[in-house]
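# no sequence on this one, just coordinates:
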C-alpha cells in the first residue's frame, strides 16, 4: 500500500459553516426584502391608480348645467372639472395632472413614491409609481349611449 494515502491528514474545515451561514442569511434577507418591498410597490401603484380613477370620476361630475338642462350634448365644465379633480388629489395626498380631451373626457395621471423598507440595503431607497384613469361623460337613455 501507498504510505502517503494512509497518512493523509484531514482538511481543516473549521469556520466553513459560518461563511455559508452568513452568505445564506444575506441572501434570505435580500429575498424577503424583495418580497416585502415589491409587494409594497404594487400596493402603492394600486393606490395611485385608484386615486386617479376617483379623481377622474369626481371631476367628470362637473357638467355644464345649461346644456344638460336643454337636453343637448353633455359637456364637462372644464375649469370646474379640473379644479374638482385637483382638489381630490390634494385631499388624497397624491401628486398628479389633470387634463380634458375631446371636451368630454377627463384624464388624471398620478405619481407617487414607495419608500423601500429593506431594499435600501442594496441602494434601492425608493421606487416611483404612476397611475392613470379617465372618465368620459356620456348621455344615455335606457342604458344605451346616445
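Arrived safely. Keep in mind the model is a prediction, meaning the values are calculated, not measured.
# strands of this protein, start to end?
Using DSSP state E, the strands of the chain run over 95-101, 105-115, 126-136, 140-141, 144-145.
# looking only at pLDDT, what's the mean for the fourth one?
To tie it back to what came earlier, the one meant is strand 140-141. For strand 140-141, mean pLDDT is 60.
# what's the answer for the second one, then?
Average pLDDT, strand 105-115: 94.
# so what's the gap between that strand and the chain middle?
9 Å (Cα atoms, centre = their mean, to the nearest Å).
# and stretch 133-144, how far apart are its ends?
Its first and final residues considered, stretch 133-144 spans 23 Å by Cα to Cα, to the nearest Å.
# how much space between residue 91 and residue 82?
For residue 91, the distance to residue 82 (Cβ to Cβ, to the nearest Å) stands at 15 Å. No exception for glycine: its C-beta is placed from N, CA and C like everyone else's.
# so which of the two has more stuff around it?
Neighbour count, other Cβ atoms under 10 Å: between residue 91 and residue 82, residue 82 has more, with 19 against 11.
# residues near the closest residue to the more buried one other than its chain neighbours, how many?
Among residues not flanking residue 82 along the chain, residue 98 sits closest, at 4.8 Å (Cβ to Cβ, 6 or more residues apart in numbering). With neighbours defined by other Cβ under 10 Å, the count for residue 98 comes to 22.
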